[in-house]
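1. Got a predicted structure here, sequence first:
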Amino acid sequence: MIVADTDVLIDALRGREPARARIAAALAEGQLATTTVTAFELRSSTDSDHMRDAVEQLLAPLTILPFDDAAASHAARARRALEAPGSPIGIANYMIAGICLARSVALLTRDRALYGRVAGLVLVELL
């Protein structure tokens, strides 16, 4: 299973390659998930009924992984490690990373420079 980050799902919604094809392939294989954080980000950023419907259609077949206590522990550890030297990645990103780390799943994202700083987080190539 791979977890799609918000940026990749937005690109897929907009029909941008290679995200559109990568998301379609992972969906066809039944290997795609996302997080409650990404679901929140997508749902809260829509400004039309058409986009709300598109977001819901995209999310419907996905497994949506929750931010639970195990994820919170991993996210907190990542936050402490990155903020001590002054290289924060943002609360939502810590939460997404924590969810992936807690479940030992890889993250599909365009933002490899940001997430690549999280120790132990496995990133998947978009191509």
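-> Thanks, I have it. Bear in mind the structure is a predicted one, so any value in this text is a computation, not a measurement. Numbers count the residues shown, from 1 in each chain.

2. CA atoms for contacts and neighbours, from now on please.
-> Fine.

3. where's the residue nearest to residue 92 when sequence neighbours are not counted relative to residue 55, distance?
-> Closest residue in space to residue 92, ignoring its immediate chain neighbours: residue 37 at 6.6 Å, by Cα to Cα, 6 or more residues apart in numbering. Applying Cα to Cα, to the nearest Å, the value for residue 37 to residue 55 is 14 Å.

4. contacting residues for the residue nearest to residue 92?
-> 66-67, 92, 95-96 (Cα atoms under 8 Å, 6 or more residues apart in numbering).

5. Which is the succeeding secondary structure element to the strand or helix carrying it?
-> Per DSSP states H and E: residue 37 is located in helix 36-44. Per DSSP H and E, the first helix or strand lying C-terminal to helix 36-44 is helix 49-59.

6. Which of the contacts of residue 37 fall in helices?
-> When these are checked against helices (DSSP state H), the matches are 92, 95-96.

7. how about the strands of this protein, start to end?
-> Along the chain, the segments classed as strands by DSSP state E run 2-4, 32-35, 63-65, 106-108, 123-124.

8. Next, format those strands as a markdown table and append mean neighbour count.
-> Output for the strands of the chain, formatted as a markdown table (neighbours: other Cα atoms under 10 Å):
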| stretch | mean neighbour count |
| --- | --- |
| strand 2-4 | 24 |
| strand 32-35 | 22 |
| strand 63-65 | 17 |
| strand 106-108 | 24 |
| strand 123-124 | 18 |
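
9. just to revisit the earlier point, can you give me the buried ones in the helix holding residue 37?
-> Across helix 36-44, burial judged by 16 or more other Cα atoms under 10 Å covers 36-39, 42-43.

10. likewise stretch 22-34?
-> 22-23, 26, 32-34.

11. List the contacts of that stretch.
-> Stretch 22-34 has contacts (Cα under 8 Å, 6+ apart) with 1-5, 9, 12, 61-65, 126-127.
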